[in-house]
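Colleague: Quick one, structure for this:
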Amino acid sequence: MEHRTHDFHNWAAILTWLVVFVLSIMILRNASGAYEGILLEAITLQIAYLALLFLSVNSVLTAARPKTAKAMFLLMLAVVLLLAWRTPIEFFFIYTIMWMTIVPYYFSRQAGFVWLILVCAAWYVIKIVSWGENNAFFEVLLVGTFHLFGLLSSMATMSSAEANEKAQALNRELMATQHLLTEASKQNERTRIARDLHDLLGHHLTALTINLQVASRMTDGEAKDKVDQCHSLSKLLLSDVRDAVTTLREESSVNFTETLKLIVDNVPNLKIHLDIDPELNISDVNIAEALLRCVQEAITNTLRHSNAAASWIRIWQEGRELNMQIHDDGRVGGEVKPGNGLQGMRERIERLNGRLIIEALKRMQINVQIPIPSP
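Modeller: The predicted structure follows:
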């Protein structure tokens, strides 16, 4: 749905540009006097505007080279203002309205309103100085309302998209937490059953085995044979109970892979590659929760700060140590200063006697090492 909306906006922009372009060329071809010689210049500037428009909204360029994309975006405004200065066609303000709808993707809300004022001021100067109009103030005021509408509409669209992404993230987090709680409940129930089998049934069987052994020494003949048989059966039953208790305790691992998939599936604008050791066995719910929260925080940081298109998460086990490595294809803008998210991540890992190492050269990489407690 999101890609369809993006394609729809692109086609709408092309159609708008095409209508303005064709109408302006028709007007200039029929013009006479001073504006006869600027037809080629108007065509060139409008084609340049279209090219810069697509460069400014290109997600690959904005992710890989955000400063270059912003420079292209500002150059687009310069091109359209130069076009308006050279060519007195009223409906060229449609181009700056299109530019205003992209402003929220590059600048803050406050900066957006500043740009609105600057664009309106630029139109006022163009109308007064270049076009020689006397009543430019009210015309620019009217045109400014269209620019304001475009800016506010774009801001509302962005806010709606961000709210939707947050709702989806919270839903994924809720589902993962619910799954983890279910796994913890199953683990606690298995542990309780194992403990009851060991403490109650095991205790009674041990007492029965001892009593049958004593009875075997106090009897003879056919009765002794029956007692010895019962004694053997009780020992066998006690061994089976111990094996069952051991199995229950050993198989009390958390289904961590399924829980993690609930977090990473369908994350918008980010392709996540999972590489989980098939032999991974996490029996401690606290470790599973710590790793899960680390992944959540890493994904959030990637979406907010790195402009990455893909992320790689690898989790494996070496001996009595769990390892996790997370990195993406985004770029780090200078030194990384750990905020509350990264600090909380470190505190979770250190409470489990683990280590969290953050490497930030061209790309950010998070390494986690957690010792597995002895059973």
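Colleague: mind showing which ranges of the stretch 251-375 of the chain have poor pLDDT?
Modeller: Along the stretch 251-375 of the chain, segments meeting pLDDT under 70 span 251-254, 332-340, 361-362, 374-375.
Colleague: Give the residue farthest from the middle of the chain.
Modeller: Relative to the C-alpha centroid of the chain, counting by CA atoms, centre = their mean, residue 221 is the outermost residue, at 78.1 Å.
Colleague: how about the helices of the protein, start to end?
Modeller: Ranges of helices in the chain, per DSSP state H, are 2-29, 39-56, 59-64, 66-86, 93-102, 109-125, 136-196, 202-218, 222-250, 256-264, 285-301, 340-351.
Colleague: and residue 323, which of these is closest to it?
Modeller: With CB to CB as the criterion, residue 323 lies closest to helix 285-301 of those, at 10.3 Å. Using the backbone N, CA and C atoms, a C-beta is placed for each residue, glycine as well.
Colleague: what about that closest one, distance to the chain center?
Modeller: Relative to its parent chain, helix 285-301 has a centroid offset of 13 Å by CA atoms, centre = their mean, to the nearest Å.
Colleague: and that helix, what does it pack onto?
Modeller: Judged by 3 or more CB pairs under 8 Å, 6 or more residues apart in numbering; DSSP states H and E, the packing partners of helix 285-301 are helix 136-196, helix 256-264, strand 310-318, strand 321-328, helix 340-351, strand 364-371.
Colleague: redo that, cut-off 10 Å
Modeller: Applying 3 or more CB pairs under 10 Å, 6 or more residues apart in numbering; DSSP states H and E, one finds that helix 285-301 contacts helix 136-196, helix 256-264, strand 271-276, strand 310-318, strand 321-328, helix 340-351, strand 364-371.
Colleague: Next, the buried residues of it.
Modeller: For helix 285-301, burial by neighbour count (16 or more other CB atoms under 10 Å) applies to 285, 287-299, 301.
Colleague: by how many degrees do it and helix 256-264 diverge?
Modeller: Orientation check (axes from the mean of the first three to the mean of the last three CA atoms, to 10 degrees): helix 285-301 against helix 256-264 gives 30 degrees.
Colleague: and helix 285-301 with strand 310-318, angle?
Modeller: Counting by the same axes, to 10 degrees, helix 285-301 lies at 160 degrees to strand 310-318.
Colleague: on that earlier part again, figure out which of the helices and strands packed on helix 285-301 is closest to residue 126.
Modeller: Residue 126 lies closest, by CB to CB, to one member of those: helix 136-196, at 8.5 Å.
Colleague: okay if I get the helices and strands packed on helix 285-301 as CSV plus distance to residue 125?
Modeller: Supplementary listing: these in CSV, determined by distance: least, CB to CB, whole Å:
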stretch, distance to residue 125
helix 136-196, 9
helix 256-264, 52
strand 271-276, 46
strand 310-318, 46
strand 321-328, 45
helix 340-351, 46
strand 364-371, 45
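Colleague: mind putting these in a markdown table, mean neighbour count and distance to residue 45 included?
Modeller: Listed next are the helices and strands packed on helix 285-301 as a markdown table, based on neighbours: other CB atoms under 10 Å; distance: least, CB to CB, whole Å:
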| stretch | mean neighbour count | distance to residue 45 |
| --- | --- | --- |
| helix 136-196 | 15 | 19 |
| helix 256-264 | 19 | 46 |
| strand 271-276 | 14 | 38 |
| strand 310-318 | 17 | 37 |
| strand 321-328 | 20 | 39 |
| helix 340-351 | 16 | 46 |
| strand 364-371 | 19 | 41 |
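Colleague: Out of the ones you listed, flag the one nearest residue 107.
Modeller: Nearest to residue 107 among the helices and strands packed on helix 285-301 is helix 136-196 (10.4 Å), distances taken as CB to CB.
Colleague: What average pLDDT does that closest one get?
Modeller: For helix 136-196, mean pLDDT is 78.
Colleague: got the helices of the chain as JSON lines, with distance to residue 373 columns?
Modeller: Listed next are the helices of the chain as JSON lines, based on distance: least, CB to CB, whole Å:
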{"stretch": "helix 2-29", "distance to residue 373": "43"}
{"stretch": "helix 39-56", "distance to residue 373": "53"}
{"stretch": "helix 59-64", "distance to residue 373": "41"}
{"stretch": "helix 66-86", "distance to residue 373": "44"}
{"stretch": "helix 93-102", "distance to residue 373": "53"}
{"stretch": "helix 109-125", "distance to residue 373": "49"}
{"stretch": "helix 136-196", "distance to residue 373": "14"}
{"stretch": "helix 202-218", "distance to residue 373": "24"}
{"stretch": "helix 222-250", "distance to residue 373": "13"}
{"stretch": "helix 256-264", "distance to residue 373": "16"}
{"stretch": "helix 285-301", "distance to residue 373": "8"}
{"stretch": "helix 340-351", "distance to residue 373": "12"}
